[in-house]
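Peer 1: Next input, structure requested:
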Amino acid sequence: MDRIPSGKNVVDGQPVDAVDMIAALTAAPFVFQDGATQSFTADGGTTYVDRGTPSAGEWSVTGDGTFSSFWPPTYRATYSVRWIVEDGVRMGVSFTDTRSGVRYDGRYR
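Peer 2: Numbers count the residues shown, from 1 in each chain. You can find the predicted model right below:
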């Protein structure tokens with residue numbers, strides 16, 4: 001986890017700034033509560049692995065700092081992204097679907 005962004009202090013639940021999004025998402029793979037994992041690349045690629053089955057998608061940051069994902073052939077979603085911070089340490093990020101409000105906590109592996 002040595003690539004996890006540091007620098008300015010952030011608090012738990014603070015939005016990830018658009019300028020920090022690439023560093024926050026590509027710092028390390030994420031693991032979710034259900035055991036699924038996801039990794040992001042700086043060029044906009046992502047791989048989600050659920051029960052050993054990978055699926056490839058694309059991601060980007062919109063002008064307002066919202067995270068957007070595309071899973072071919074047609075699934076698109078947007079999320080607000082916030083830091084998960086424990087004892088002053090960035091442990092991961094939460095993705096909250098802007099339509100449904102469902103939150104997914106991704107912790108750095």
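Peer 1: The residue minimising distance to the centre of the chain in helix, strand or coil?
Peer 2: Nearest to the geometric centre of the chain sits Leu25, at 5.0 Å (Cα atoms, centre = their mean). With DSSP: H, G, I helix; E, B strand; the rest coil as the basis, Leu25 sits in helix.
Peer 1: What score does it have for pLDDT?
Peer 2: What the model reports for Leu25 is a pLDDT of 95.
Peer 1: Could you find the closest non-adjacent residue to it?
Peer 2: Phe40 (4.1 Å; Cβ to Cβ, 6 or more residues apart in numbering). Glycine gets a C-beta too; all of them are placed from N, C-alpha and C.
Peer 1: The one you found: how many residues sit nearby?
Peer 2: 24 (other Cβ atoms under 10 Å).
Peer 1: what is it paired to in the beta sheet?
Peer 2: Taking DSSP bridges, one finds Thr46 as the beta-bridge partners of Phe40.
Peer 1: In contact with it, which residues?
Peer 2: By Cβ atoms under 8 Å, 6 or more residues apart in numbering, the contact list for Phe40 reads Leu25, Thr26, Thr46, Trp59.
Peer 1: hang on, the residue nearest to the centre of the chain packs against Trp83?
Peer 2: No. Counting by Cβ atoms under 8 Å, Leu25 stays clear of Trp83, with 11.8 Å between them.
Peer 1: Please enumerate the shared neighbours of these two.
Peer 2: Val93.
Peer 1: Distance from the helix or strand harbouring Val49 to the middle of the chain?
Peer 2: Taking DSSP states H and E as the definition, one finds Val49 inside strand 45-50. Here strand 45-50 is found 11 Å from its chain centre; the criterion is Cα atoms, centre = their mean, to the nearest Å.
Peer 1: Need the residues that contact it.
Peer 2: So strand 45-50 is contacted by 34, 36-40, 54-59, 69 (Cβ under 8 Å, 6+ apart).
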